[in-house]
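> Okay, predicted coordinates and the sequence, questions at the end:
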Amino acid sequence: MRSLQSTEAVIAAVLVVVMLLIGLINPAFWGVDNLFSLARANVVIGIMALGVLLIMISGGIDVSFPAISAAALYITVRTMVALGYDGVLLPFIAASVIGVLLGTFNAFIIERFRMIPLIVTLGTASIVRGLVLGLLGTSIVNINKMPKELIAFGKQDLVSVTAQNGATVGLTAMVLVYIGVAVVMHIVLRHTMMGRSVYAYGGDPESARRAGVNTRRTIYFVYCTAGLLAGFAGLLHSSMIWQANPRDFIGLELDVIAAVVLGGASIFGGRGSVLGTMIGVFTLVMIKNSLILMKVDTTWQRVVVGVIIIAATAITAWRDRKKLV
Amino acid sequence: MTVEAERKPLIRRLLGEDAAIVQLAAITLLIFAVMAGLNPDKFLRYYNFESISYVMPELGILCIAMMVAMLTGGIDLSIVAIANLAAITAGIYFRHPAVAESIAAGGAGAVLHTIMGVLIALTVGLAAGLLNGVLIARLRIIPILATLGTGQVFAGLALVLTGGPAIAGYPQAWTWIGTGKLLGIAAPFWILIVVAVVVAVVLRRTHLGVNLMLVGTNARAAVFAGIRSSRMILYSYAMTGLMAAIAGILLSGRTNSAKADFGSSYLLQAVLIAVLGGTNPAGGKGRVAGVLLALVALMLLSSGMQIMRVSNFMIDAVWGAFLVLVIAINYLRSPK
Amino acid sequence: MSEYLIELKNISKRFGGVRALDDVSIAIRPGEIHCLAGENGSGKSTIIKVMSGIYTPEEGEILIDGNSVGRLDPIQAVHRGVQVIYQDFSLFGNLTVAENLALNTYLLEGRKRMDWPRARSMAREVLARLDVEIDIDADVESLPASGKQIVAIARAILAEARLIIMDEPTTALTRHEVDALFAIVRDLKAQGIAILFVSHKMREMLEISERLTVFRNGRKVAEGEMRDFDEPAITRAMTGLELDEEPYAPEIDPAAPPVLEVGDLRVAGIVHGVSLELRPGEIVGISGLIGSGRTELARALFGMEKAVARTFRVTGRDVFPRSVQEAIALGIAYVPEDRLSEGLFLTQSIERNMVVSILERLRSGLFLDRKAMRDKTGQMFRDMQIAAPSPDTAVGNLSGGNAQRVMLGRWLLTGAKILILNGPTVGVDVGSKAKIHRIIRDLAEKEGLAVLMISDDVPELTGNCNRIHVMHEGRFVAEFRGADMTEDNINDSLKALR
């Protein structure tokens, strides 16, 4: 536990330094509008990251969650449009259920056939994307057709202030949703036996089995919960941007995995925390957003993200280095 | 004790003792028969196989590259980005006014510059592969994360170089590599054969190949046996990068264009075909012959489906389903 | 109530064609300290796994408190109070001591919530009961081996163990720690908990156990009260033979130039100045406990440790191998302790396992010289008398003895002049053991190899070595040769060190 806290402190310190640097280069960074939009950009990617965190603690990896998110949001919205249904609660439940089902599929293949999660989830991603685009089509459901209540839900602001340029900027209420999910996840990981079983399984699967951890249930829990969060985050994204695009989130797995690794989770399993992950997500999102503020060409974004992944993993590889001999 | 290995029939030597490969050959034949049965007029036409022989090589080379990375228990998720970056770098070279002028003039100059472009692309691939190798073998970053990261960097650099849109207007000699014919057979197909033979020979007949298998089987024991493991791993990623660049040349030659996000579905397909071809993603096992058979099987499958007007998205889904199926079959076939 | 807490009757268990257990019975009384002795491969580990419900035997019956339990599964075993402490302790290094202690209990109780305050108070309580002080908030991976063992014992107690099975519990401990462990064990016995020690270390068994069962090759070969046994009797039972191998004692010309001269070798924190000479044809033994630095010494000689030495001479040349490759080039070979994880490539052929260290030399141009490869391995395959259809057989299919001969073959192909063997016959059955000893002696006697043999097995050393160094805390503390080189002398010397 102690080493974990110190890891979080290090990440937080890095974050603060980076913030100060960016603020020095462009004071607009500290503007309310920028901070609010940063917070907003954290929500969806953050919820996805919490799912990936869970999987990484268990020693696995998931690259299928962007496909799951896209599938959940697109199937849900298309169904709503087709049925002429409008609402909030039921659609979110539906999207989450779709996520859980796809997560169950991952868990089944990984648990039953003992296959490396990376390869299984690559396959799942391909199946899900292919089926959604192939069967439901590729047309975007735009703001005109989007269910109104869903849009209204995503539009809610917590507070709104008038910025220097006269425009009104609001802090999206979805931040509360993100924090709520994070708190629940923290409680699950820290204060339930299921959560501790995930740490135990990620630390040493064989010992976990001997200690009486139901390893099958643990794997199912991990992938289903990650699926649930992916499905939920997908629809939340849709309601925040007022459209449903089945091609959303392509390539997002890299950003999210980078954020989780940056947040101190170990790719070998057994280590990682909600707080660390949130800081990691914030750092990554902030750097990406600030590239624009710092007048860096947007085409450089991917290079920067790539370098961050490499740097973060090089540092954790050094921390987790296992002596080969 | 007599050593009889030299006396085995050719077929046996090509296919090895591996029951998996025999099984794979059967699957390939089955797919062929089914597709031929479903669309006898279109599938069996010469044109169909000819077009496969142009499309297959770029993917095939990526698959072999993936297999090489998997031999040591690694993976290379940056191959498609390397392929695009290599082709784009060459494309930028061809765009240089002096070069473009000389190419436009035709003759020996054009060929010379094309050769130069190929060398540039190969150098980019080699350098990218070496970077992966250094991160994995020296800095001990696990391959998934290292190549995820470098994949982003390479794709990002490709984007920076092009600014977004595709690069077009490659010299004729370059497009010939992707679309030409030699002795009645597609030029890219020849390149696939050469790459396959070279890699097969490297894996079977050189100390690098044998060392890679051994490192992949037991990395700890490799250290105790005096294998220079990290150097071998470095070489394997350099090879992978080089092959990715060759695939990039073929892809850009065939389409006469290059873009930062071309061929993104190739990544999954390369993983799938490598695993289907009997490569153990945990390391220590992999054969070029197996990968080629798996490649042919899946090319026949998707060509057949295309003839039946199945959408490309559905074909992607089928490929994914195939991967999962292969995982299941491999599991059920393996002892215990 | 039955006389026995747990009773296994006529148990048989096969793996493929191998009979791991053949009609064995063992019974343990409540609150007794019982010892199960046997060499590696005798079936000790298999019976542990049967008792804890991990393996289901093909034949036989398991009774707990006199009642037959039918099929025993791991959860049932835990509920009945059977706890196993494996050699690796099965703890979670990434979790704290308190959580490691509470986890099993909570899981056993089927709890949903992780009650941290109770976990901490439970941990404090049980550690106080064992009268030890350990920081309950420390990550387990930061503890030394003895600390981990105590956590493992405490965990078993918390799980309301009535029988604690300990697999080679003293392996990684110093004498002081062993004493502390034994004090705990006696305390547990006083609380009515039975202990089953599984070990091949006789001295310690004699000291603490009350009853003994001996396994050999999957069969029970002896049992009874400990007072009825003495050390030679246990050895006889374990090995099945009086060690009647002729001692190896060829005349070594003291004037002959040493092939290896090492002066004042140091590995930071572990080896504190070892000097050593090896002459051709000589077999020198090193005896010492785990943690004495013997393995690090061997690895330093093989270029695997950051080491310094005042002198390091190989056949008169001043060279210090800085890498495994350099060591091999100098003619040094090392057969590691853990053959499976450090030595062999199990899914690869015998041929590849043998030529791995000479691949560079088998190059002709760009390619490997396949004919030379075939010829060399074919020859070595015969010389080492490996029982397999051909050199193409995967090493994973071989028995321990054959696999070890593949390792020896690998090093002979490199033209090694100095052979370092760490536990040369660990996991090898008795028959094969003699064969390996014969090969090693022949290599020394006829080929003039210098051999450094590290072993836990004292009779193996006394039976095969010209002289034996005893190593302790990074130094050679005693040397025995000639008539002094007896099992008793060495055992006494080792015991005095603890």
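It's in.

> show me the contacts for the most centrally placed residue in chain A.
The structure's chain A has its C-alpha centroid closest to A:Met48; by CA atoms, centre = their mean the separation is 1.9 Å. Counting by CB atoms under 8 Å, 6 or more residues apart in numbering or on different chains, A:Met48 makes contact with A:65-66, A:69, A:229-230, A:233, A:252, A:256. The way it works is simple: take the backbone N, C-alpha and C, and place the C-beta from them, glycine included.

> With secondary structure, neighbour count and distance to chain C as extra columns, can I get those residues in CSV?
Output for these, formatted as CSV (DSSP: H, G, I helix; E, B strand; the rest coil; neighbours: other CB atoms under 10 Å in any protein chain shown; distance: CB to the nearest CB, whole Å):
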residue, secondary structure, neighbour count, distance to chain C
A:Phe65, helix, 33, 24
A:Pro66, helix, 25, 28
A:Ser69, helix, 33, 29
A:Leu229, helix, 28, 21
A:Ala230, helix, 33, 25
A:Ala233, helix, 33, 26
A:Leu252, helix, 18, 28
A:Val256, helix, 30, 23
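
> Give me the lowest-pLDDT entry from those residues.
Ranked by pLDDT, these bottom out at A:Leu252, which scores 86.

> Off-centre distance for stretch B:160-168?
Taking CA atoms, centre = their mean, to the nearest Å, one finds the center of stretch B:160-168 at 24 Å from the center of the full chain.

> Give me the residues contacting it.
Under CB under 8 Å, 6+ apart, the answer for stretch B:160-168 is A:297, A:299-300, A:303, B:85, B:87-89, B:91-92, B:95, B:256-260, B:262.

> same thing but at 10 Å, please
A:297-303, B:84-85, B:87-92, B:94-95, B:158, B:252, B:255-262 (CB atoms under 10 Å, 6 or more residues apart in numbering or on different chains).

> among those residues, which ones are buried?
A:299, A:301-303, B:84-85, B:87-92, B:94, B:158, B:252, B:255-260, B:262 (16 or more other CB atoms under 10 Å in any protein chain shown).

> Just the ones of these in helices?
Among these, DSSP state H puts A:301-303, B:84-85, B:87-92, B:94, B:158, B:252, B:255 in helices.

> which residues in the stretch 51-200 of chain A form helices?
A:65-83, A:89-113, A:117-131, A:148-155, A:174-191, A:193-203 (DSSP state H, counting those that start in this stretch).

> Quick one: low-confidence residue ranges for the chain.
Let's take chain A. A:1-6, A:163-164, A:319-325 (pLDDT under 70).

> wait, chain C
C:1, C:16-18, C:40-41, C:171-175, C:200-203, C:240-251, C:290, C:427-431, C:497-498.

> and whichever residue of the stretch 151-300 of chain C sits closest to chain B, how many neighbours?
Closest approach between the stretch 151-300 of chain C and chain B, counting by CB to the nearest CB: C:Arg299, at 9.2 Å. Counted with other CB atoms under 10 Å in any protein chain shown, the neighbours of C:Arg299 add up to 23.

> what does the stretch 51-200 of chain B put close to chain A?
B:70, B:73, B:75, B:77-78, B:81, B:131, B:135-136, B:139-164 (CB under 10 Å from any CB of the partner chain).

> Now intersect the residues you listed with the strands, please.
Nothing among these maps onto strands, per DSSP state E.

> What subset of the residues you listed is buried?
B:70, B:73, B:75, B:77-78, B:81, B:131, B:135-136, B:140-162.

> returning to that earlier point: which of the ones in helices among the buried ones among the contacts of stretch B:160-168 lies closest to chain C?
B:Ala90 (28.2 Å).

> Verify the stated contact: the closest one with B:Met116.
Yes - counting by CB atoms under 10 Å, B:Ala90 does reach B:Met116; the two are 8.6 Å apart.

> Pick out the residue nearest the middle of chain C.
C:Val426 (6.4 Å).

> Apart from its neighbours in sequence, what residue is nearest C:Leu443?
C:Leu449 (4.5 Å; CB to CB, 6 or more residues apart in numbering or on different chains).

> Now for the one you found: which residues touch it?
C:259, C:278, C:280-283, C:331, C:333, C:411-412, C:416-419, C:440, C:442-443.

> What count of nearby residues applies to C:Val24?
24.

> Now it: closest residue in space that isn't a chain neighbour?
C:Val24 sits nearest to C:Lys220 (CB to CB, 6+ apart), 4.5 Å away.

> List the buried residues in the strand or helix carrying that neighbour.
For C:Lys220, the host element (DSSP states H and E) is strand C:219-225. Of the residues in strand C:219-225, C:219-223 count as buried by neighbour count, 16+ other CB under 10 Å.
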